[in-house]
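S.K.: Here is my input; please provide its structure:
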Amino acid sequence: MCPGANLRDNGERYSVEGSLLQEFIEQAQEGFTLVDESGRIIIWNRAMERISGLLKEEAIGREFWEVRAQLTPEQYQSPGLLEEIKNGVLRLLAGEKAGFLSRQIRAWLQRTDGAVRLLEQTVFLVQARNGNQLGVISRDVTEKHELDQKLQLLASIVETTLDGIVGLDQEGRIQTWNHGAEVIFEVDRTSALGLNIQDLPITFSPEFRGHLLEYLNREDAEIFEVEILTPKMARKQVSITFSPIFERGKAAGGSLVIKDLSQLREAERHFKESEKRLRTIFDKASDLILIHRSSEEIIEVNSIADQLLGFSPEELKGKKLEGIVVPEERERLREFLSQLRKGEFSRIELRLCDRSGRRVPVEMNSHMLDEETIMSIARDITQRKRAEELQADFIRAVVHDLGNPISAIKASLEMVPDSIKKGEKRDLIEIVYRNTERLHNLAHSLLTSIKLEAGELKLVKKEVNLSQFLLDFLLQQRPLAEQKSIEVISRIPSLPALIQGDPDRLGEIFSNIWANSIKFTPHSGKIEISLEEKDGWAVVKISNNGPPISPEDQEHLFEKFYRGKSGMGGTGLGLYIARWLTEVHGGSISVESSEEGTTFTVKLPALKS
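M.R.: Numbers count the residues shown, from 1 in each chain. As a prediction, the model looks like this:
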């Protein structure tokens, strides 16, 4: 064979080998990029197209750092990024990295479609005739990275959970022992790993220890509640969930999840003891205690029901509350419960009906336990009512006996000629008249309170425009304010605010509050009255800038005959009557007081326009 033929054969062989190498690179699963000595991309295989979304014709011929900067995710972009990549690549190509052969890096890449992927890359130098070239093999490890993160999270959860988690191989040797297991079993991880579960320095119940390894070959999970004795001689009640682990259909071990039930069992014991004590208190209480639904269905009642009403608790359960209320007061009960659900009232006086038909007066305090359940405590006030009736009869007699003389004195004073009302005589006559008027008002208040408590005061209700009513009321009351140079500020809207009420009794409500405000507002002070409709209520506020009412006095202000510990004076009936009249109108009255002054708030059910 001639020399020329041999050279030709070698060239063909190199050509074939080069073609095979190019095909291998093109078909490789990993991305392959080759950068020439000037920094331009000369190879960009199909895998790199798939990984980056950038086609070969879009990459080849371009400077590597330009393409790499283009594919860098936005969160990693910076003004000097392009220059930084360029300088790094040129240093590698120039051989400035002494002894550099290859290195592995991880880098984030943003595909042309916006998806962000994590690449594991091997960077190496290739020696060529014209100088060094740079090769980059890229593998997409995004899914592996996400899986690693999930495994790390799972490992963190396993380690930090309060439950003990133990992993066993098929022979029962401990492979996993988390912090929870250390705490519950009082055995550290180092001592436990590699031990057979039966060799742990822990005392299990014999029936559990004897069957431990049998559970490794079962298909279903098992749950046990056992008592253990730890190396530190602590007795603990634990729940152990044993789950077998299978690989390719064959038993490969198991896992134990251990919960320390000691505190739970102790809490259950205390709860049962507390429940027993509360049940005893509930049943032995001298007041009738009823637990009922908002629909009035009785679901629980204490044993005093038998003594008070002649019905056993079992007889009352399931019945409606109104079934034991006298018929004429059932509508009041329904209104009370409706307002209770709105958070307005919690106390009412009713008459219950016992098995024989006897009427039992009770004072009932009710509270919402939750959105659907109410607890009502009813106290028998029969003896109090009898005492009140005796008191009322006595007061009626006294007021009646005083009424005629007082009226005669008033009439006589009014008939005194003006010619006599001069000088000292005039002053004396005025003193007598004022005190006579005071006695007359006291007698009227006493009779009103008695009628209210006895249910004898009947309301003559009709539709009332509260806006106009209050404006007329102010015209009548301004002279009282002018006597002390008090500025009256009206914030009453001209638009009608309609309610259903007895005008005479409404006048008494506001007159009592107004008189109280006038009394405690200083000379040249201010009183403000306002009206607004809010959430189905007509809300009237009467405010003054007088001295504050103490919290203790506020608590008892609307009680009968309460005159305050801070020297409030008066009969103690005006605000008591105002509260009663407001409540029989289906409303409420309250007071707030501070250094800035005092505000009385009256809320009455508004009629829908």
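
S.K.: CA only for contacts and neighbour counts going forward, please
M.R.: Noted.

S.K.: Tell me the spacing between Asp504 and Arg478.
M.R.: For Asp504, the distance to Arg478 equals 19 Å [C-alpha to C-alpha, to the nearest Å].

S.K.: Which residue of the two possesses the greater neighbour count?
M.R.: Neighbour comparison, Asp504 and Arg478: the larger count goes to Arg478, with 14 against 11 (by other C-alpha atoms under 10 Å).

S.K.: Quick one: neighbours of the residue lying closest to Ile174 once chain neighbours are set aside, just the number.
M.R.: Nearest non-adjacent residue to Ile174, counting by C-alpha to C-alpha, 6 or more residues apart in numbering: Leu168, 4.6 Å away. Neighbour count for Leu168, taken as other C-alpha under 10 Å: 25.

S.K.: beta partners for Leu168?
M.R.: According to DSSP bridges, the partner residues bridging Leu168 are Ile174, Gly254.

S.K.: That one contacts Leu193, correct?
M.R.: No - in this structure, Leu168 is not within contact of Leu193 by C-alpha atoms under 8 Å, at 9.6 Å.

S.K.: list residues touching both of these two?
M.R.: With contacts defined as C-alpha atoms under 8 Å, 6 or more residues apart in numbering, the residues shared by Leu168 and Leu193 are Ile174, Gln175, Thr176.

S.K.: Mind pulling the model confidence for His367?
M.R.: pLDDT, His367: 89.

S.K.: Mind listing the residues bridging to it?
M.R.: Met375.

S.K.: Quick check: it vs Ile348, distance?
M.R.: 12 Å.

S.K.: one step back: would you enumerate the residues in contact with the residue nearest to Ile174?
M.R.: For Leu168, counting by C-alpha under 8 Å, 6+ apart, the contacting residues are Ile174, Gln175, Thr176, Ile197, Gly253, Gly254, Ser255.

S.K.: ok, now with 7 Å
M.R.: Shown in contact with Leu168 (C-alpha atoms under 7 Å, 6 or more residues apart in numbering): Ile174, Gln175, Gly253, Gly254, Ser255.

S.K.: which one among those gets closest to Tyr215?
M.R.: Gly254 (8.3 Å; C-alpha to C-alpha).

S.K.: coming back round to it: counting neighbours, which of the contacts of Leu168 comes out on top?
M.R.: If you rank the contacts of Leu168 by neighbour count (other C-alpha under 10 Å), Gly254 sits at the top with 26 neighbours.

S.K.: Following the chain past the strand or helix carrying Arg139, name the next helix or strand.
M.R.: Assigning secondary structure by DSSP states H and E places Arg139 in strand 131-140. Sequence-wise, the next helix or strand downstream of strand 131-140 (DSSP H and E) is helix 142-160.

S.K.: May I see the buried residues of that following helix?
M.R.: Val158, Glu159 (16 or more other C-alpha atoms under 10 Å).

S.K.: quick one: it to chain centroid distance?
M.R.: The chain centre lies 34 Å from the centre of helix 142-160; the measure is C-alpha atoms, centre = their mean, to the nearest Å.

S.K.: outside of that helix, which residues touch it?
M.R.: The contact list for helix 142-160, computed with C-alpha under 7 Å, 6+ apart, reads Arg117, Leu118, Ile165, Asn178, His179.

S.K.: What about the residues you listed, which are in helices?
M.R.: Under the assignment DSSP state H, the contacts of helix 142-160 contribute His179 to helices.

S.K.: In a strand, Phe600, correct?
M.R.: Yes - counting by DSSP: H, G, I helix; E, B strand; the rest coil, Phe600 is found in a strand.

S.K.: quick one: the nearest residue to it once chain neighbours are set aside and Arg62, what's the gap?
M.R.: With C-alpha to C-alpha, 6+ apart as the criterion, Phe600 has its nearest non-adjacent residue at 4.5 Å, and that residue is Val591. Distance of Val591 to Arg62, computed by C-alpha to C-alpha: 83 Å.

S.K.: do the same with Arg579
M.R.: 91 Å.

S.K.: Over to Gln554?
M.R.: Counting by C-alpha to C-alpha - Gln554 and Arg62 are separated by 87 Å.

S.K.: And Glu315, by the same measure?
M.R.: Distance, Glu315 to Arg62, using C-alpha to C-alpha: 94 Å.

S.K.: Those two: which has the busier surroundings?
M.R.: Arg62 (15 against 12).

S.K.: thought the more buried one was touching Arg40?
M.R.: Yes - applying C-alpha atoms under 7 Å, one finds Arg62 in contact with Arg40, separated by 5.3 Å.

S.K.: For Thr190, see how far away the closest residue to Gln237 other than its chain neighbours is.
M.R.: With C-alpha to C-alpha, 6+ apart as the criterion, Gln237 has its nearest non-adjacent residue at 4.5 Å, and that residue is Glu227. Separation of Glu227 from Thr190 (C-alpha to C-alpha): 24 Å.

S.K.: before we move on, what about Tyr562?
M.R.: Distance from Tyr562 to Thr190, by C-alpha to C-alpha: 76 Å.

S.K.: Give me the more crowded residue out of those two.
M.R.: Remark: of Tyr562 and Thr190, Tyr562 carries more neighbours, 19 against 10, as counted by other C-alpha under 10 Å.

S.K.: Could you confirm the more buried one falls within a helix?
M.R.: No - if the criterion is three-state DSSP, then Tyr562 is coil and not within a helix.

S.K.: For it, which non-adjacent residue is spatially closest?
M.R.: Closest residue in space to Tyr562, ignoring its immediate chain neighbours: Gly572 at 4.7 Å, by C-alpha to C-alpha, 6+ apart.

S.K.: again, but for Thr122
M.R.: Per C-alpha to C-alpha, 6+ apart, closest to Thr122 is Gln104, 4.5 Å.

S.K.: and what of Gln110?
M.R.: Nearest to Gln110 is Val116, by C-alpha to C-alpha, 6+ apart, at 4.3 Å.

S.K.: Also Arg173?
M.R.: Arg173 sits nearest to Asn196 (C-alpha to C-alpha, 6+ apart), 4.1 Å away.

S.K.: Could I get the phi/psi values of the one you found?
M.R.: When quoted as degrees, to the nearest 10, the phi and psi of Asn196 stand at phi -70, psi 140.

S.K.: Likewise for the one 4 residues further on?
M.R.: Dihedral pair for Leu200: phi -60, psi 140, per degrees, to the nearest 10.

S.K.: how near is Lys541 to Thr601?
M.R.: Per C-alpha to C-alpha, Lys541 is found 5 Å from Thr601.

S.K.: now do Asp169
M.R.: According to C-alpha to C-alpha, Asp169 and Thr601 sit 75 Å apart.

S.K.: do the same with Thr203
M.R.: 70 Å.

S.K.: Kindly report the same for Glu227.
M.R.: Look at Glu227 and Thr601: by C-alpha to C-alpha, they are 63 Å apart.

S.K.: Kindly report the same for Val488.
M.R.: For Val488, the distance to Thr601 equals 17 Å [C-alpha to C-alpha].

S.K.: can you tell me the helix or strand for Phe336?
M.R.: Per DSSP H and E: Phe336 is located in helix 330-341.

S.K.: pLDDT averaged over that helix - what is it?
M.R.: The pLDDT scores in helix 330-341 average 85.

S.K.: And stretch 78-88, by the same measure?
M.R.: On average, stretch 78-88 scores 90.

S.K.: May I see the buried residues of it?
M.R.: So for stretch 78-88, counting by 16+ other C-alpha under 10 Å, buried means Leu82, Lys86.

S.K.: chain center to it: distance?
M.R.: 53 Å.

S.K.: Same question for stretch 474-485.
M.R.: The answer for stretch 474-485 is 48 Å, by C-alpha atoms, centre = their mean.

S.K.: Stretch 165-181 too?
M.R.: 41 Å.
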